[in-house]
Every structure is written in C-alpha cells, then in structure tokens.
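Peer 1: Structure of the sequence below:
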Amino acid sequence: MKRSLIAGALVALSLAAALPATAQVRAVTPAVAKALVAAPGTAFAGAAGADVTVVEYLDYNCPYCRKMHPEIEGLLKADPKARVLYKQWPVFGPVSTYAARAVLAAQWQGKYLAAHDALITSPTRLDGQETVRRRLASAGVDLARLDRDLAAHKAQIDALLARSAEEAQLLELRGTPALVVGSTFVPGGLPSAMLQRLVAQERSESRTSGR
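Peer 2: Predicted coordinates for the structure are as follows:
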C-alpha cells in the first residue's frame, strides 16, 4: 500500500519548515529501506525491539553532525521503540577516514557506541590521529588492541566503508549529516521534536501498510 497522500503531505509540510528550501526530502522504496539496515555489521543505538530505524550518515569532523548528536539522543530518550544505525561516511579528509576506521575497529572490543559517542561529542575539530586516539582512550578504548584490530579486521572495515560509500551514491548524498527515517530520506539534520514526529509518522504508516 502506498503512503497516504494526506499523511505524506503533512510530513512534507512539517519538514519544509525545518529544512532549507533546497533540501530534497523524498521517499525511498521499501526494498532500499530494508537493505540499508540489513546485516549492518555494527551495533544499533537504542531499543532492542525497535519498530522504526533511523539511519544516519556522518563524518566525525562534520560540525553539523556534532550538532545533530544531541537531537538523536533526544529521540532515543523520548521514544522507547526507536533505534539508530550510524553509518560512517568520511568525506572531510584523512583524519575523518582514520576516525571512522577507528570507531569501526572498536567494535571488536565491545566499544563501538562508546567510541562513536567520544568522537561525535568532541568540542573541537579532530585535527589529527593523536586527537582521535586521546578521545577514544578517554572512553575506555584499549588503544593497543585497537591497533591490532585495525590490522586484523582491515578487510571487514574496508567493506563497511565501501558499503556506506555505495549507499551514499545510491541516495545521492551531497554532504553530512543525512538521515533515512524508515522510508523517508532527509538530507541534513532535524531538531529532535521534528525527528520524533517523523518517526511516529513512519510507525503509523508501517502499521497501516503492513510494511
């Protein structure tokens, strides 16, 4: 069943008030929405029994991604049935790439989300690998093991980053952050209240259509 015209129009009008006029909010197909979250290779943040997933494409040196983090946290605190899948898409240069690889490598010591939080909450730009490593160490990441895992799991990390890049091309991303909320693509960030409304709308649409 297609998204109802009235519900879709309400979502579009609401988003239009929160986003620049040039933003292209659009629906993604159910197949694409399902593929984005299938076998993600990393942990989700949020509810284990979630019924709506928010996918965020980000770069740890993107200032707007850092501004988006508390909005994501607000969603997770307010909505007990939402979850978030972070996708590293480093587009700001070598330090961003190292940061993305390090966060992905941290999953092999059970520190993926802690590593993500440590870097996305950095008060300043990550200006080098040592800055990244200091932030990770402060979050309890074992740096010696991190180095071993960066080498031992290079192929898996390469594959995760390649997947994010392929998805970014498919979605025609032009920058970070970018969100896919259920079946709605949003280029850019959203305030937490608007994000909660969109998640609620996606939940309602999913129940109505049986997605």
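
Peer 1: Could you tell me the phi and psi values at T176?
Peer 2: phi -120, psi 150 (degrees, to the nearest 10).

Peer 1: Likewise for G41?
Peer 2: Torsion angles, degrees, to the nearest 10, at G41: phi 80, psi 0.

Peer 1: what residues are up against A118?
Peer 2: Residues near A118 by C-beta atoms under 8 Å, 6 or more residues apart in numbering: R135, L136, S138, A139, V141. In this view, the C-beta of every residue, glycine as well, is placed from N, C-alpha and C.

Peer 1: Identify the nearest residue to L198 in space, disregarding sequence-adjacent positions?
Peer 2: Nearest residue to L198 in three dimensions, chain neighbours excluded: V181, at 5.0 Å (C-beta to C-beta, 6 or more residues apart in numbering).

Peer 1: That neighbour: what's it in contact with?
Peer 2: V52, V54, V55, L195, L198, V199, E202.

Peer 1: Most neighbours out of these, which is it?
Peer 2: Neighbour counts for the contacts of V181 peak at V54, which has 29 neighbours (criterion: other C-beta atoms under 10 Å).

Peer 1: hmm, back to that, can I get the contacts of V181 in TSV with distance to G41, secondary structure and pLDDT?
Peer 2: Shown next, in TSV, are those (distance: C-beta to C-beta, whole Å; DSSP: H, G, I helix; E, B strand; the rest coil; pLDDT from 0 to 100):
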residue	distance to G41	secondary structure	pLDDT
V52	20	strand	96
V54	17	strand	98
V55	13	strand	98
L195	24	helix	96
L198	25	helix	95
V199	23	helix	96
E202	23	helix	93
